[in-house]
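1. Fold the stuff below for me.
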Amino acid sequence: MHRRIIAPGALAAASLLLAIPASAASGTPGAPGIGDPYYPAYGNGGYDVSHYDLRLQYQPTTDELQGTATILATATQDLSRFDLDFLLDVSEVRVNGAKASFTTSGEHELVVTPKTVLAKGTPLTVVVRYSGVPSSKSAYGFTSWHRTPDGGIGANEPESAWWWFPSNDHPSDKATYDVSVAVPDGTQAISNGTLVSSSSKLGWTRYNWRQDKPQATYLATLALGRFDITTSVSDGGVPVINAYSKDLGANDGAARASVERTGEIVDWLSDYFGPYPFGSAGGYVPNTTTGYALETQTRVYYSPRQFAAGSNTSVVVHELAHQWYGDDVSVKDWKDIWINEGFARYAQWLWSEHEGEGTARQLADFTYAAHPADDAFWTVAPGDPGPDNQFDIAVYDRGALAIQALREKIGDPAFFRVLKGWPAEHAYGNASVADFRTYAERISGTSLTALFDTWLYRPTKPSAPAARAASIAAPGAAVPARPKSWKSIQATNGVHGH
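-> Alright, predicted model coming up:
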């Protein structure tokens, strides 16, 4: 994927359409980046978004997208201008009903100057009219819009919104969504949440999707093409919507055999993590050549390659675990990625135990022993891996070892209270690794500073494995037998991005 530190670009000057009144002369521009240490140019300062309303039309034969985005927000400072993260061509911007001037800056900044300075606390209604061919756009040398034989897909991490809607693109500014998409009859539009209605006229079908719980911008997804859609309800009452490209070919059966277990897995995960936090669940498998899966909220994105070797329920477990750890509770900054990936990997270990294919402790033993002390694996710090290592295997596997070490340290009763209590503690919000440690210390009554430092931050192999397997640490000790589930779990790395 595309991990690098991006320095914020200089903002281009934008002329005011009218002079700023003297009473508002103290207004200042919103920052062109939200301040994330890994991606300084991502997100924007000066406002907070509460809702995105996206009304779109898409032509699959040409990949042309037209749209009107209505963004509801609040100014968090006296605001003379502000940025949106976006790549397509903009024809008009209005702020609170009045036309605003706009220009572009850097790789992905749309700079908006309203007619007058917006006082702190002012509600904002920002309307952006736009069009373009998403697959023709790139930023920093990559694209997050994937063409398919019959349409296109918006899905990537840590960025994907720029290609199809203007936004404040950082997980710390979560919002609700209405996504309405018109496509030619016979093509479907799939997005997050619940399909509230669809209708057809003049050769076009419009699909109206709603996500009524806060959602990070990178977790918003759009899939356009010809799909076979299945619906069901889990035993726990969660509606499930899955979709499969009609031209998946040889991977179709394995994909369905995996993704159609979504309802079962959601209910099983609820026993560990608490009630499912959203109004629907599901996934989609488009005919793309990408190699990763992504926890797009309520509607997981799966590459067909996830199922090239047969059914792979382990990756379904991983992405559904993110619905609690990553989607419900999202990172404060991208350096907190361990909370997402370590716990999703650990959920795979618990599933392995559930399926009788190796216990979490056995997987921890094997993982620890599989990496000798001089392996670069141990030099990556899952608690703050840096942008170039944000999705390194160590964030997943060493991150899961840290969770097993926590379990051994505080004991099962406290550990499972932490697993279930954390999503409730920060429901629909954001939290950091430091917040998690503080929470686990409060629940367990145990100081965890040394344990977190050892497993998440030190660039060396800890002196003993997480799972109390002292024999593994002995010089010359044999590597434990590989659990049967190891292949399916490893399949989520390399071809699995997130």
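2. mind checking how far the nearest residue to Pro29 once chain neighbours are set aside is from Arg94?
-> In space, not counting the residues next to it along the chain, Pro29 is nearest to Arg81; the distance is 4.7 Å by CB to CB, 6 or more residues apart in numbering. In this view, the C-beta of every residue, glycine as well, is placed from N, C-alpha and C. Separation of Arg81 from Arg94 (CB to CB, to the nearest Å): 14 Å.
3. Of these two, give the one with the bigger neighbour count.
-> Higher neighbour count among Arg81 and Arg94: Arg81, with 24 against 17, using other CB atoms under 10 Å.
4. That one contacts Val111, doesn't it?
-> Yes: counting by CB atoms under 8 Å, Arg81 does reach Val111; the two are 6.3 Å apart.
5. does Lys99 really touch Val112, like I thought?
-> No: counting by CB under 8 Å, Lys99 sits too far from Val112 to count as a contact (10.7 Å).
6. Give me the common contacts of these two.
-> Val93 (CB atoms under 8 Å, 6 or more residues apart in numbering).
7. which residues in the stretch 301-450 of the chain form strands?
-> Ranges of strands within the stretch 301-450 of the chain are 330-331, 430-431, based on DSSP state E, counting those that start in this stretch.
8. before we move on, the earlier item: could you list every residue that touches the residue nearest to Pro29?
-> 14, 29-30, 111-114.
9. Mind listing the residues bridging to Val126?
-> Under the criterion DSSP bridges, Val126 forms beta bridges with Ile71, Val95.
10. State the distance from it to Ser101.
-> Val126 is 13 Å from Ser101, by CB to CB.
11. list the buried ones in stretch 35-53?
-> Residues of stretch 35-53 classed as buried by neighbour count (16 or more other CB atoms under 10 Å): 36, 38-47, 49, 51-53.
12. what does the average pLDDT come to for it?
-> Stretch 35-53 carries an average pLDDT of 98.
13. Can you dump the C-alpha atoms of that stretch in CSV for me?
-> Taking only C-alpha atoms (Å, rounded to 0.1, in the frame of the first residue of the first chain), the coordinates of stretch 35-53 have been written out as CSV:
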residue,chain,number,x,y,z
GLY,A,35,-2.1,17.2,12.4
ASP,A,36,-1.6,13.4,12.1
PRO,A,37,2.1,12.6,12.7
TYR,A,38,2.1,10.0,9.9
TYR,A,39,0.1,11.9,7.3
PRO,A,40,0.3,15.7,8.1
ALA,A,41,-1.6,16.7,4.9
TYR,A,42,-4.6,14.4,5.6
GLY,A,43,-7.8,15.9,7.1
ASN,A,44,-8.3,19.6,7.7
GLY,A,45,-8.6,22.0,10.6
GLY,A,46,-11.3,24.6,11.4
TYR,A,47,-14.5,22.6,11.2
ASP,A,48,-16.1,19.3,12.3
VAL,A,49,-18.4,17.3,10.0
SER,A,50,-21.6,15.7,11.3
HIS,A,51,-23.1,14.4,8.1
TYR,A,52,-22.4,13.7,4.4
ASP,A,53,-25.2,13.7,1.9
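14. centre of the chain versus it, how much separation?
-> Relative to its chain's centre, stretch 35-53 lies at 15 Å (CA atoms, centre = their mean, to the nearest Å).
15. what do you get for stretch 435-455?
-> Worked out by CA atoms, centre = their mean, stretch 435-455 lies 25 Å from the chain centre.
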